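Undergrad: Just need the structure, nothing else, for what follows:
(2 chains)
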Amino acid sequence: MWLPFSATFQRNYLVMKRAFPWSFFLGHILSGFYIIIFAYLTYYYVFKGDLSGRFSIYAGTDDYLSYVILGGLLYSFSVSLLMIASRAIITELREGTLEALLLTPTSRKGYFLGYVAQGLTRVGVEFTVITVTGYFFGLHLQNINWLSVVVVLFILIVATFSQALVLGSFMLYFRDTYITQNTLFVLMGLVCSITFPAQFLPEAVRWIGSIMPLTHGVDALRMVWIEGKSLSDILPYLWKMIILGIIYFPIGTFFIKRMEKYVLEKHFG
Amino acid sequence: MVMIEAMNLGKVYTVKKKINFFRSEKQKVSAVKGLNLTIGEGEIVGLLGLNGAGKTTTIKMLSTLLNPSSGKITIDGLDAVKDAIKVKRLVNMIAGGERMLYWRLTGTQNLRYFGKLYGLSGGELEERIHDLLEEVGLTEASHTPVELYSKGMKQRLQIARGLINDPKYLFLDEPTLGLDAPVAKQLREMVKRLAKEQGKGILLTSHYLEEVEELCDRVYIIEKGSLILHDTPENITASVVKNYHIKIESSALSTFQQNRIKQGLSGCSIEFSELGDSTEMHIIAPFDPTALIINVCMKESIAIQKLELKRPRLEDAILTLAKGKLA
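TA: Modelled structure (predicted):
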């Protein structure tokens, strides 16, 4: 698994160096930035800093700006990660390299991990840029339990990677990236407690948020970032992400493999 | 025996046919039907057929990209479906066109990437990359991004990619498609060397029938997924195309001389046409009539100015078969 991992990491690094995906990079930073600026403007100029009492109860904090900025930060992080992993195979298909890849006896796990690990270097830069931007709009950087932040992010990466495999299967089936991914991203923005707690949503749609690793990740991150809580306090959230990852991974692996054959028959048969 | 063996191979695709804007129905289409095929070590085997005959589907099944719907493929005794990972180490495929390469990587980087996916690394991989780039004449362009390569260079790099795992069996799907004549010639020479000197078993599909005739030891001709002929190119040509064509330009012939020629070449169809102070004869014979016509001309003191013999070629055989199928 190591060889395909390192080979794919290196390949994507070289491709990125030669043609940096500026539109994706800026797009993800801007989507985080828009969430921040929208929250900032509405908080100060529309609501005049007046928060509903229910917000504090649901969110567990009065720090609305930190709440939203962290939501935007993790949303952008999750979307970037989902896009990197889910578009891997369909990009090979579009660039005409899928057959050459499938001819090799390589481990698909190594391939995907290399793909994601390389993508994370870009996502890390996006994360840093949004964090710094958020600081100027009210994101506080004190009392943060950094170890817990790293653990939350790591588990979120694993769970989101598994979710991306399922998303990638849909993309291959529909031979579409734009509508498929954006439908999911809009839904995530709405139900995953990004700009407001999911408890404000009708009961009937709340379950959608609960099957997204991002919902639990963002809740856990806020606890360790805003409230400085320890790992033991956020264990239930971590477990939910782990369980979702365990469910999504075999489903995604199974369907990605099937879809690889499906697209070969569909496209080249 | 060490070889590729496809037994009773079949592939059925499910395609959706649109009935109207909202409705479509699934249909089964048989792309390959009961095909039996073998490729031995060091052998170049041709796979011919009109468009949609099932050639590419067959190659994709042999190279493990597609699973057969029926039948079995064994490669050196390994089942191509059950032992796909092991089989992938033994085979590789090269397709015509400009796909199957990463355009933003250089030639060396492409080969390094694919080499690693085949489990190669370190000095062994670097040495193989060096040798292959030299073999396909891309050493100087090895550090140039593929997007700056010409079509011929991309095709040559594809060949290097197809050989990176040193496969025992190589599938070439229209490898000279769109290549300049000198590059295509180089490629043909390389294919011959790979088979005859390195003992690789090669399956070749090509629309350039002279290429198939030049390279292949045996040829399979398929039509709508079914095998219709299998033999050496010479035997196929001989069995399908019965006639030789000869064009002779001679001094002007009298009617008497024309009759003498007709008598001397009984069983042949002969047409005479006057070209001012010379005569052109067009002879169609079920055998090579060259010696016979020269003999008759000498006896009748006819001066031959030009003689053009058109031997039956594989292309004539395929055209004859295609006419028969289309008629």
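Undergrad: Excluding chain neighbours, give the residue nearest to residue A:177 in space.
TA: residue A:171 (5.4 Å; CB to CB, 6 or more residues apart in numbering or on different chains). (Each C-beta comes from the backbone N, C-alpha and C, glycine too.)
Undergrad: and the one you found, what element?
TA: Using DSSP states H and E, residue A:171 falls within helix A:146-174.
Undergrad: tell me which strands and helices that helix is in contact with?
TA: Counting by 3 or more CB pairs under 8 Å, 6 or more residues apart in numbering or on different chains; DSSP states H and E, the packing neighbours recorded for helix A:146-174 are helix A:64-86, helix A:88-95, helix A:108-136, helix A:178-191, helix A:213-225, helix A:231-268.
Undergrad: so of those helices, which one's packed in deepest?
TA: Mean neighbours per residue, mean count of other CB atoms under 10 Å in any protein chain shown, is largest over the helices and strands packed on helix A:146-174 for helix A:213-225, with a mean of 26.
Undergrad: out of the helices and strands packed on helix A:146-174, which comes closest to chain B?
TA: Minimum separation from chain B across those (CB to the nearest CB) falls at helix A:231-268, 5.6 Å.
Undergrad: elements contacting the closest one?
TA: Under the contact criterion of 3+ CB pairs under 8 Å, 6+ apart, helix A:231-268 touches helix A:88-95, helix A:98-103, helix A:108-136, helix A:146-174, helix A:213-225, helix B:55-62.
Undergrad: What is the burial count for residue 38?
TA: I'll assume chain A. 13 (other CB atoms under 10 Å in any protein chain shown).
Undergrad: look at chain B instead
TA: By other CB under 10 Å, the residues close to residue B:38 number 16.
Undergrad: Report pLDDT for the closest residue to it other than its chain neighbours.
TA: In space, and not counting its chain neighbours, residue B:38 is closest to residue B:5: 5.2 Å by CB to CB, 6+ apart. You'll see residue B:5 listed with a pLDDT of 92.
Undergrad: mind listing what residue B:177 touches?
TA: B:96, B:97, B:207 (CB atoms under 8 Å, 6 or more residues apart in numbering or on different chains).
Undergrad: end to end, how far does stretch B:272-283 reach?
TA: 9 Å (CA to CA, to the nearest Å).
Undergrad: actually stretch A:78-96, not the one I wrote
TA: End-to-end distance of stretch A:78-96 (CA to CA): 28 Å.
Undergrad: Over to stretch A:30-49?
TA: 24 Å.
Undergrad: May I have the phi/psi pair for the residue of the stretch 101-250 of chain B found nearest chain A?
TA: Nearest to chain A in the stretch 101-250 of chain B, going by CB to the nearest CB, is residue B:116, at a distance of 3.6 Å. Main-chain dihedrals, residue B:116, degrees, to the nearest 10: phi -70, psi -40.
Undergrad: tell me the contacts of it?
TA: Counting by CB under 8 Å, 6+ apart, residue B:116 touches A:3, A:4, A:6, A:7, B:125.
Undergrad: In terms of pLDDT, where does residue B:327 sit?
TA: 49.
Undergrad: Then residue A:201?
TA: pLDDT at residue A:201 comes out at 90.
Undergrad: and it, how many neighbours does it have?
TA: 16.
Undergrad: Of all residues in chain A, which one is nearest the centre?
TA: Centroid-nearest residue in chain A, with CA atoms, centre = their mean: residue A:78, separated by 1.1 Å.
Undergrad: Identify the residue spatially nearest to that one, adjacent ones excluded.
TA: residue A:214 (4.5 Å).
Undergrad: Please identify the helix or strand for residue A:6.
TA: helix A:2-18.
Undergrad: Tell me where the model's unsure across the stretch 101-250 of chain B.
TA: For the stretch 101-250 of chain B, applying pLDDT under 70 flags no range at all.
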